[in-house]
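A.B. asks: Predicted model and sequence below, questions to follow.
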Amino acid sequence: MSQPSPESFSSPSGGRETLGSRLGFLFLSAGCAIGLGNVWRFPYITGQYGGAVFVAVYLFFLIAVGLPILIMEFSVGRAARRNMGDALRRLEPAGTGWHRVGWFSLVGSYLLMMFYIPVAGWMLFYCLATARGELAVSPEQVGAFFGGMLSRPGEMIFWAWLTLLAGFGVCWFGVRKGLEPVVKILMGGLLVILIGLAIRAVTLPGAFEGLKFYLAPDVNRAVEAGVWGMINAAMTQAFFTLGLGVGSMLIFASYLDRKRTLTGEATLIVALDTFVAFTAGLIIFPAGFAFGVRPDSGPGLVFITLPNIFNAMPGGRLWGSLFFVFMSCAALTTVISVVENIISYSMDVWGWSRKKSTLINALAMALLVLPCILGFNMWQSFQPLGPGTSVLDLEDFLISNTLLPPGALIFLLFCCTRYGWGWKNFIAEADAGEGLRFPRMIRPWLLYVLPVIIILLFIMGYVEKLRPLVG
């Protein structure tokens, strides 16, 4: 079977834009990876499973599972100069049907944005509410404030549509005039605020106990929580933190030149994503222990627990406002990045102009965010995954557990076997340019071990979600 070489698509064609700087690529890709999970899940499970013990296991899976697949996504994107929807068709051997799964890119991105845009809207609302002092109330009232917001669909629709307008509005202006400069500002602000919040948290009286709980290796705590549970949590977090499998990272490599190797670039992005997740824990645990509040996970951590901590902190209104600005930056970078993947699909696969693609997809998304919002109020009796679940949980399950693992497996087989693009073509593209080379010696791991891990992730995701329904 004949296979196109990377050089066949080494130059942008058809007037395709390219990024203006290396920093733009790194921040766009990292902005897509860095999101709410870095804050409301990673620190909590790190504390739960023994601090540094969990971090060591997590880093192993991040490097051994997440990083290679990220490099494969980047390689396919840069070689084809197209969205996943068209990239597989361009690179696949003649007569094969890899392109038939290109729709993963569009469907996966839509599913993610259907609940992520409303949640990003919550962040914007909390920025305003915290700055106004509306959260400077008793702990019970903070919880009631969050519940009150969820009960008002009109208000949530306003903030979701405002977020949607921001995301699609940036993409309207293209890569160099829209995405690249805006995401640089958001990511720069995110990092500055994150570091400032961490410095404030670790200097609070009593913060040392929180640092010790978070970072000191505690084998006993890991064993008590369950070794298999720790391995599963580390593997799952390492895989899903990068959002691999639906081409949301691939698209930015399609705008990239071939001056630097993709292994080096991917390593920097993974390091930046890990830095944000790690530093979020330096805010949450020291501050929590300083004021006698044990952090939990999920939305309750961000919208109930942390506001209570900031209320107890001197100057808490300022620090709380900065925290929600940080969270808003993290959410908006993800929204903008994934929206660009949606828009590029329409441009590359259907031949639409950028403006037509932006407008039509924005109108469709404005309607598709409504089920998530209504699931907390008017449709709250609909509990698709068991008691206490909502439309958001269903949408999250469909993208995280149903699309991402198979999508990642597709990239793995496409790049590593002779039935797809092939190992030689993948290596040639990944190693084009200056920088870190892809380690060829790990091919047996990629072919014989990593597929088993991905399949296990897929199965365990279904078992975890469906057990309450059949138990």
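C.D. replies: Sure, I can see it.
A.B. asks: Tell me the buried residues in the top helix by length along the chain?
C.D. replies: For the chain, the longest helix by residue count, based on DSSP state H, is helix 316-350. Residues 316-317, 319-349 are the ones in helix 316-350 that count as buried (16 or more other C-beta atoms under 10 Å). All C-beta spots, glycine's among them, are computed from the backbone N, C-alpha and C.
A.B. asks: quick one, helices of the stretch 251-400 of the chain?
C.D. replies: 262-290, 299-300, 306-312, 316-350, 354-368, 370-374, 391-397 (DSSP state H, counting those that start in this stretch).
A.B. asks: Number of residues surrounding residue 21?
C.D. replies: Using other C-beta atoms under 10 Å, residue 21 has 11 other residues around it.
A.B. asks: can you tell me which residues contact it?
C.D. replies: Contacts for residue 21 (C-beta atoms under 8 Å, 6 or more residues apart in numbering) come out as residue 180.
A.B. asks: Need phi/psi at it.
C.D. replies: Phi and psi for residue 21, reported as degrees, to the nearest 10, are phi -150, psi 160.
A.B. asks: Of the helices of the stretch 251-400 of the chain, which is nearest residue 91?
C.D. replies: Closest of the helices of the stretch 251-400 of the chain to residue 91 is helix 316-350, at 13.2 Å (criterion: C-beta to C-beta).
A.B. asks: And the average pLDDT for that closest one is what?
C.D. replies: Mean pLDDT, computed over helix 316-350, is 92.
A.B. asks: Measure how that helix sits relative to helix 262-290, angle-wise.
C.D. replies: Using axes from the mean of the first three to the mean of the last three C-alpha atoms, to 10 degrees, one finds that helix 316-350 and helix 262-290 are set 150 degrees apart in direction.
A.B. asks: ok now helix 316-350, how far from the chain's centre?
C.D. replies: Centroid displacement of helix 316-350 relative to its chain, using C-alpha atoms, centre = their mean, to the nearest Å, is 10 Å.
A.B. asks: what does stretch 347-354 give?
C.D. replies: 25 Å.
A.B. asks: Now do it: distance from first to last residue.
C.D. replies: End-to-end distance for stretch 347-354: 6 Å, by C-alpha to C-alpha, to the nearest Å.
A.B. asks: Give the rounded mean pLDDT of stretch 396-404.
C.D. replies: Mean predicted lDDT for stretch 396-404 stands at 88.
A.B. asks: go on, stretch 146-163?
C.D. replies: Per-residue scores along stretch 146-163 average to 95.
A.B. asks: Over to stretch 369-382?
C.D. replies: The model assigns stretch 369-382 a mean pLDDT of 95.
A.B. asks: what does stretch 440-451 give?
C.D. replies: Mean predicted confidence for stretch 440-451 is 94.
A.B. asks: again with stretch 258-265
C.D. replies: Averaged across stretch 258-265, the pLDDT comes to 94.
A.B. asks: Next, the buried residues of that stretch.
C.D. replies: By 16+ other C-beta under 10 Å, the buried positions in stretch 258-265 come out as 258, 260, 261, 262, 263, 264, 265.
A.B. asks: With distance to residue 444 added, can I get the helices of the stretch 251-400 of the chain in CSV?
C.D. replies: Converted to CSV, those look like this (distance: least, C-beta to C-beta, whole Å):
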stretch, distance to residue 444
helix 262-290, 18
helix 299-300, 42
helix 306-312, 45
helix 316-350, 32
helix 354-368, 41
helix 370-374, 42
helix 391-397, 33
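A.B. asks: closest one to residue 177 among these?
C.D. replies: Among the helices of the stretch 251-400 of the chain, helix 354-368 sits nearest to residue 177 (C-beta to C-beta), with 10.9 Å.
A.B. asks: and that closest one, what does it pack onto?
C.D. replies: Identification of packing neighbours for helix 354-368 by 3 or more C-beta pairs under 8 Å, 6 or more residues apart in numbering; DSSP states H and E yields helix 104-132, helix 153-172, helix 316-350.
A.B. asks: what's the worst-scoring helix or strand of the chain on mean pLDDT packed up against?
C.D. replies: Every helix and strand of the chain was ranked by mean pLDDT, DSSP states H and E. The lowest is helix 299-300, at a mean of 79. Under the contact criterion of 3+ C-beta pairs under 8 Å, 6+ apart, helix 299-300 touches no helix or strand at all.
A.B. asks: what's the angle between the longest helix of the chain and helix 153-172?
C.D. replies: Inter-element angle recorded for helix 316-350 and helix 153-172: 60 degrees (by the same axes, to 10 degrees).
A.B. asks: one step back: which stretch among the helices and strands packed on helix 354-368 comes nearest residue 201?
C.D. replies: helix 316-350 (8.6 Å).
A.B. asks: in the host helix or strand of residue 412, what's buried?
C.D. replies: In this structure, residue 412 sits in helix 404-416 according to DSSP states H and E. Neighbour counts over helix 404-416 (16+ other C-beta under 10 Å) mark 404, 405, 407, 408, 409, 410, 411, 412, 413, 414, 415, 416 as buried.
A.B. asks: any low-confidence regions in the stretch 151-300 of the chain?
C.D. replies: Residues of the stretch 151-300 of the chain that meet the criterion pLDDT under 70 lie in 296-297.
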